[in-house]
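In: Return a 3D structure for these sequence lines:
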Amino acid sequence: MARRFGGRFSPQPPLDGSVPRPPARPAPGEIRHPLESRTRWVTIMAIPFLISAFWQDPAGLALHLVAFGAIASGMWMTREGLQAEAAYDARRIARRPAIPRKLFGGILTGLGLAIGSYVPGAEAGAGLIGIAGAMLHLLAFGSDPMRDKGMEGIDAVQQDRAQRIVAEGETHLQAMQQAILRTGDRRLEARVGLFAAAARDLFAHVEDNPDNIPAVRRYLSVYLQGAGDATAKFADLYAQTRDPRARQDYETLLNDLETEFAARRAKLLEGGRADLDIEISVLRERLAREGVRPPPAPAEPAELQRPMTLDDLVIPRQTDKPRR
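Out: Prediction:
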């Protein structure tokens, strides 16, 4: 008998009927923009300004060094802007970057090209090259995000508070991942990585719903700080003794914390669903009081209301025709 294909990498649901989990939120240092490597190539192509500077007169030396420095600084600023844009795109609720880094990077790049191509008596040509370079920078890297995303109806103060708490939690997670490296055990490193993924799922929920901060503040501060301290002490002990009992106790601690984080996130999601059901019921009652009714569902034909049998497929139905 044929079986439907499905599995971990299949777009269909798993065969066991379980609901697949959403992809884990990446760490801040793991977010990369696809255009980030272009900045390195532009900086490499500006190296001739740096090399040729030592065969110029003092004024030419200064101009070429300034040109290379402006282009390199512009590419560094552009790379920072691309990283900020990648973090902006990875979140459902995000504020626009406070500093338009890609815009400043384009200005510095155009300025560097103008200075590098400057020739006495041909200032207009150098200016045109600088403007062309800035326009090409805009076409190659795009513009900075200029609008907030998903911030309608969200308290800005609460959102800032949520970002500070999440940043503090990320600090504890990074300290845990750095401390476990002292053990030299890949399995323990992977286990801490799984725990960090579960914690980042809760981080994402807090950023999307900053009103739930009081319910998870203890998990994002006290629990994570305690887990970081326990990881540091365990790493120092296990690196010297390789005690299996200490390892088992530490893995049990991570299992308990991960289960608690997942349960807290599920409880918050259920609370949000309950609030949504209440809002829907209130709106329906209000519409009913105002005399607004949903349109009735279309009635099914009579032949569709009764189940179809094999006789209906084999024996054609006899329709009653009026006699003449």
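In: Under the pLDDT cut-off, which ranges of this structure? List them.
Out: Low-confidence segments of the chain, defined by pLDDT under 70: 1-31, 93, 150-156, 158, 211-212, 215, 269-324.
In: Domains in it, by residue range?
Out: 28-141, 156-289 (automatic domain parsing).
In: From residue 72, how far out is residue 138?
Out: Residue 138 sits 19 Å away from residue 72, going by C-beta to C-beta, to the nearest Å. (Each C-beta comes from the backbone N, C-alpha and C, glycine too.)
In: related to what we said a few turns ago, got the domains of the chain as CSV, with distance to residue 147 and mean neighbour count columns?
Out: Output for those, formatted as CSV (distance: least, C-beta to C-beta, whole Å; neighbours: other C-beta atoms under 10 Å):
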stretch, distance to residue 147, mean neighbour count
domain 28-141, 6, 17
domain 156-289, 14, 15
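In: can you put the ones you listed in TSV and add distance to residue 149?
Out: Formatted as TSV, these follow (distance: least, C-beta to C-beta, whole Å):
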stretch	distance to residue 149
domain 28-141	5
domain 156-289	11
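In: Residue 200 touches residue 172, doesn't it?
Out: No - here residue 200 does not reach residue 172: they are 11.7 Å apart, not a contact under C-beta atoms under 8 Å.
In: can you give me the helices in the protein?
Out: Remark: helices assigned in the chain by DSSP state H are 36-45, 47-52, 58-90, 101-116, 123-141, 156-180, 186-208, 213-218, 224-241, 244-289, 302-305, 310-314.
In: Arrange those in TSV, one row each, with distance to residue 148 as further columns.
Out: Converted to TSV, the helices of the chain look like this (distance: least, C-beta to C-beta, whole Å):
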stretch	distance to residue 148
helix 36-45	23
helix 47-52	39
helix 58-90	10
helix 101-116	17
helix 123-141	21
helix 156-180	9
helix 186-208	13
helix 213-218	19
helix 224-241	28
helix 244-289	22
helix 302-305	50
helix 310-314	60
